[in-house]
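Engineer: Quick one, structure for this:
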Amino acid sequence: MATTVLLTRPYGLVLTETSVPCVITQWRAFASASEFIALQEAALRYFETQSTPEQPWGWVGDVHRLEAIPVQAQDWLLTDFIPRAAAVGLRELSLVQSPSSLSPLTTQRYAHGTTPSGTPYRLRTAYFSSLEAALVGARLALSQPTLALHYPSYQRSAAQ
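Structural biologist: Below you'll find the model as predicted:
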């Protein structure tokens, strides 16, 4: 595997794994809404430079140590992150969760938002018990046909 660290913060890491290829956000502790958004935004900006609908990358979110996602950050994930990631080819979110922690509850609203009604994009969400399994799952998802998924162009407004 060829893992590269892009960003390190006390509460999380942004990594890439070129053998998949994918971006990995690995959460180590609680992050405030602004910290959560900043780390995800840094990862997403890198993702946008690498992934395209024709040559997509995967995304692995290791949230097994994340006890909560602040509501403002959840809203950002649904209204900004998902449309932008889908626009550059994200097909499936691979999430690492610990069944003995609160991480399944933490990601529940987010996972439901990956296929919001009335939107032209759909993302699958897959759950794994380890980072290694999630990387295998992300690689497998990238090898599958898109199943007629539609990735619209996404334009950021000047206010963002």
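Engineer: Restricting to C-alpha, output the one helix or strand residue 95 maps to in PDB.
Structural biologist: Per DSSP states H and E: residue 95 is located in strand 92-96. What follows is strand 92-96, C-alpha atoms only, in PDB (Å, rounded to 0.1, in the frame of the first residue of the first chain):
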ATOM      1  CA  GLU A  92     -19.700   5.100  -2.400                       C
ATOM      2  CA  LEU A  93     -18.700   6.300   1.100                       C
ATOM      3  CA  SER A  94     -16.900   3.500   3.000                       C
ATOM      4  CA  LEU A  95     -17.300   4.100   6.700                       C
ATOM      5  CA  VAL A  96     -15.300   2.400   9.500                       C
END
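Engineer: hmm, who's touching it?
Structural biologist: 22, 58-64, 107, 111, 114, 123-131, 133-135, 137-138, 141 (C-beta atoms under 8 Å, 6 or more residues apart in numbering). (C-beta placed from N, C-alpha, C; glycine too.)
Engineer: swap the cut-off to 7 Å and go again
Structural biologist: By C-beta atoms under 7 Å, 6 or more residues apart in numbering, the surrounding residues in contact with strand 92-96 are 58-64, 107, 114, 123-128, 130-131, 134, 137-138, 141.
Engineer: can you give me how far that strand is from the chain middle?
Structural biologist: 7 Å (C-alpha atoms, centre = their mean, to the nearest Å).
Engineer: do the same with stretch 18-32
Structural biologist: For stretch 18-32, the distance to the chain centre is 8 Å (C-alpha atoms, centre = their mean).
Engineer: what does stretch 83-101 give?
Structural biologist: For stretch 83-101, the distance to the chain centre is 4 Å (C-alpha atoms, centre = their mean).
Engineer: Many thanks, we can stop here.
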